[in-house]
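> Prediction below, plus the sequence it came from.
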Amino acid sequence: MNRNEAFNLAASALGLDPNADLRIGGNYTSLLQEDHLIYISGQIPRIGDVVMVTGRVGEEVSVAEAQRAAEICVMRALTLSLQHLGDLDKLKRVLRMNVYVQSANGFTQQSEVADGASNLLRKILGEAGVHTRTSVGVFQLPKNAAVEIDMVIALHRSAPA
Amino acid sequence: MNRNEAFNLAASALGLDPNADLRIGGNYTSLLQEDHLIYISGQIPRIGDVVMVTGRVGEEVSVAEAQRAAEICVMRALTLSLQHLGDLDKLKRVLRMNVYVQSANGFTQQSEVADGASNLLRKILGEAGVHTRTSVGVFQLPKNAAVEIDMVIALHRSAPA
Amino acid sequence: MNRNEAFNLAASALGLDPNADLRIGGNYTSLLQEDHLIYISGQIPRIGDVVMVTGRVGEEVSVAEAQRAAEICVMRALTLSLQHLGDLDKLKRVLRMNVYVQSANGFTQQSEVADGASNLLRKILGEAGVHTRTSVGVFQLPKNAAVEIDMVIALHRSAPA
């Protein structure tokens, strides 16, 4: 199974439309390419207009639910990448992923939540999905999202500028 | 109106001195250039020695006040860029902006606060000000600042190294 | 005293083993190099299997203890860099450091905590250790760590790809 097939399979499993328009109109944007790097804005686990997983992790939200939230964030980042590039094989390596977990007082399993994102990246992209990462527990996230994720991804040099 | 004029106008409106020395002396620095990228340290809404907007957003600080705080942070970043480059036309694109909002429990409008920063970047820099962004709600910020913002900006290749 | 000697001296002072294996096995990794930049995952103040400084800074953890936590995080980042490069002289410049401080309600000295990290970087690396930085106070950190730090570092062009 190649990357694009693995992506489609994961999208189906999570109920995501790979052709959904995730771009933001306005004074900021969801994805920018500079040279062979792409920067992806912070993604929350939104499908259509609905934020699928809201609340504090460790209180209203379980680790398993937060991992699913992290997976949706990753899929949004990959959807943006695919729509920008046309082919996930143009990705060389996910360089950095930041995982922000809206945490309950005393919740310390931010790494376990982030594993949901890391595992899915590896599953879809193989070695190219093995990234550096920072996971922290924040107090609040936009729209009460349980998780927010951003990334920097390197492209193969042959990718379009 | 060009960028430098728009910058000066915004500085006047916020009561900022474009010639103020915002550099930090010591073991870290406010701005670094590596190749054609500049990295800007986290900026809080300080004018001179005074942090202009302090407290938790959604409690002691309104969204409108937090947006003004975000604008001051942006202006500090642009002031540092201008003092480093001599001309804002050397900026090619703001690649990444991180917006940290010191949030009250239950406050979920971090994106709206960040819009204050995004709108001002676009207003001053035009298309070059359209960036990727991540907004999160943190528990505390240095000096009780309501907002902190950092950036990575790409320069035109002809800019001095 | 050169960088590598200064590193070893700081490691001894903090009780760190410069040869410890800090790499992560799995679906993310501790350090990645892309061109002449290295990205380092978020480091907590762990020595062996023990997180040395846990709890909220400003409550259970003093500023001095948090500064020591920050130093351990920096040493882990430098250990990873040294093990990757074989020689700290290959580092050209620390471009960005993010310092996340697990903060008590009302604690506003995140910059002072981060100074522990900045001062040590400068001490070991000299001018190459003078970086841009962002310090924020988060609500929770993985494993109840008091501090978490990540970095992006530029290498001299002659460094191995």
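Perfect, thanks for sending it. Numbers count the residues shown, from 1 in each chain, chains lettered A, B, ... in the order given.

> For the rest of this, base every contact and every neighbour count on C-alpha atoms.
OK.

> low-scoring stretches of chain A, by residue?
Applying pLDDT under 70 to chain A flags residues A:25, A:159-161.

> what do you get if the cut-off is 90, keeping everything else the same?
Applying pLDDT under 90 to chain A picks out residues A:1, A:15, A:18-26, A:48-49, A:157-161.

> What are the boundaries of the strands in it?
Assigned by DSSP state E, the strands in chain A fall at A:31-34, A:37-43, A:46-47, A:50-51, A:91-102, A:132-138, A:147-155.

> Tell me which strands the third one pairs with, and in which orientation.
This means strand A:46-47. Using DSSP bridges, strand A:46-47 pairs in its sheet with strand A:50-51 (antiparallel).

> Need the contact partners of the strand it pairs with.
Strand A:50-51 has contacts (CA atoms under 8 Å, 6 or more residues apart in numbering or on different chains) with A:44, A:45, A:143, A:145.

> isn't the first one right next to residue A:71, touching?
Read it as residue A:44. No - the criterion here is CA atoms under 8 Å, and residue A:44 misses it with residue A:71 at 10.1 Å.

> Need the max-distance pair from the contacts of strand A:50-51.
Farthest pair in those (CA to CA) is A:45 and A:143. Separation: 10.2 Å.

> Those two - which one has more neighbours?
Set residue A:45 next to residue A:143 and count neighbours by other CA atoms under 10 Å in any protein chain shown: residue A:45 wins out with 25 against 18.

> which of the contacts of strand A:50-51 lies closest to chain B?
Lowest distance from chain B to the contacts of strand A:50-51 (CA to the nearest CA) belongs to residue A:143, with 5.0 Å.

> For the closest one, which non-adjacent residue is closest in space?
residue B:108 (5.0 Å; CA to CA, 6 or more residues apart in numbering or on different chains).

> Report the contact partners of the most centrally placed residue in chain A.
Centroid-nearest residue in chain A: residue A:74, 2.1 Å away (criterion: CA atoms, centre = their mean). By CA under 8 Å, 6+ apart, the contact list for residue A:74 reads A:43, A:117, A:120, A:121, A:149.

> buried set for the longest helix seen in chain A?
Assignment by DSSP state H gives helix A:63-85 as the longest helix of chain A. For helix A:63-85, the buried set under the neighbour-count rule, 16 or more other CA atoms under 10 Å in any protein chain shown, comprises A:63, A:65-83, A:85.

> Run a quick neighbour tally on residue A:26.
Neighbour count of residue A:26, defined by other CA under 10 Å: 11.

> Helices - which of the contacts of strand A:50-51 land there?
Residues from those lying in helices, with DSSP H as the criterion: none.

> Looking at those, which one is closest to residue B:9?
Using CA to CA, residue A:143 comes nearest to residue B:9 of the contacts of strand A:50-51, at 33.2 Å.

> Quick check: residue A:141 touching residue B:139?
No - under the criterion of CA under 8 Å, residue A:141 is not in contact with residue B:139, lying 11.0 Å apart.

> Tell me who's in contact with residue A:14.
By CA under 8 Å, 6+ apart, residue A:14 lies in contact with residue A:72.

> Would you tell me which residues of chain A are close to chain B?
Applying CA under 8 Å from any CA of the partner chain, we find that chain A lies next to chain B at A:27-32, A:34, A:39-42, A:100, A:138-144, A:150.

> at 6 Å what do you get?
Residues of chain A lying close to chain B (CA under 6 Å from any CA of the partner chain) are A:27-30, A:41-42, A:138-144.

> Neighbour-wise, which one of those residues leads?
When neighbours are counted by other CA under 10 Å, residue A:140 leads those with 34 neighbours.

> Tell me who's in contact with it.
A:102, B:137 (CA atoms under 6 Å, 6 or more residues apart in numbering or on different chains).

> could you redo the last one with a cut-off of 8 Å?
By CA under 8 Å, 6+ apart, residue A:140 lies in contact with A:102, A:103, B:103, B:105, B:106, B:107, B:108, B:136, B:137, B:138.

> now swap in residue A:122 and tell me
By CA under 8 Å, 6+ apart, the neighbours of residue A:122 are A:128, A:129, A:130, C:27.

> same check, this time on residue A:47
With the criterion set at CA under 8 Å, 6+ apart, residue A:47 makes contact with residue A:16.

> Return the set of residues that bridge with it.
Note on residue A:47: beta-bridge partners by DSSP bridges are residue A:50.

> coming back round to it: so can I have JSON lines of the contacts of strand A:50-51 showing distance to residue B:21?
What follows is the contacts of strand A:50-51, written out as JSON lines (distance: CA to CA, whole Å):
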{"residue": "A:44", "distance to residue B:21": "38"}
{"residue": "A:45", "distance to residue B:21": "41"}
{"residue": "A:143", "distance to residue B:21": "37"}
{"residue": "A:145", "distance to residue B:21": "39"}
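
> tell me which parts of chain A are close to chain C?
So chain A meets chain C at A:95-96, A:103, A:105-111, A:115, A:118-119, A:121-122, A:129-139, A:154 (CA under 8 Å from any CA).

> Just the buried residues from those residues, in ChimeraX please.
Here is the ChimeraX command that selects the buried residues among the residues of chain A next to chain C (16+ other CA under 10 Å):
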select /A:95,96,103,107,108,109,110,111,115,118,119,121,122,129,130,131,132,133,134,135,136,137,138,139,154
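
> does residue A:45 really touch residue A:147, like I thought?
Yes - taking CA under 8 Å as the definition, residue A:45 is a contact partner of residue A:147 at 7.0 Å.

> which ones are touching residue A:83?
By CA under 8 Å, 6+ apart, the contact set of residue A:83 is residue A:19.

> 6 Å instead?
Counted by CA under 6 Å, 6+ apart, residue A:83 has zero contacts.

> Distance of it relative to chain C?
24 Å (CA to the nearest CA, to the nearest Å).

> Could you do residue A:52 as well?
As judged by CA to the nearest CA, residue A:52 and chain C stand 23 Å apart.

> what number of residues lie near that residue?
A total of 16 residues lie near residue A:52 under the criterion other CA under 10 Å.

> which residues does it contact?
By CA under 6 Å, 6+ apart, the neighbours of residue A:52 are A:45, A:46.

> what's the distance between it and chain B?
Distance, residue A:52 to chain B, using CA to the nearest CA: 15 Å.

> Roughly how far does that residue sit from residue A:114?
17 Å (CA to CA, to the nearest Å).

> cool, residue A:80 as well?
20 Å.

> next one: residue A:108
To residue A:114, residue A:108 is 12 Å away according to CA to CA.

> For residue A:4, which non-adjacent residue is closest in space?
Closest residue in space to residue A:4, ignoring its immediate chain neighbours: residue A:88 at 6.1 Å, by CA to CA, 6+ apart.

> what about that neighbour, how many neighbours?
A count of neighbours around residue A:88, defined by other CA under 10 Å, yields 21.
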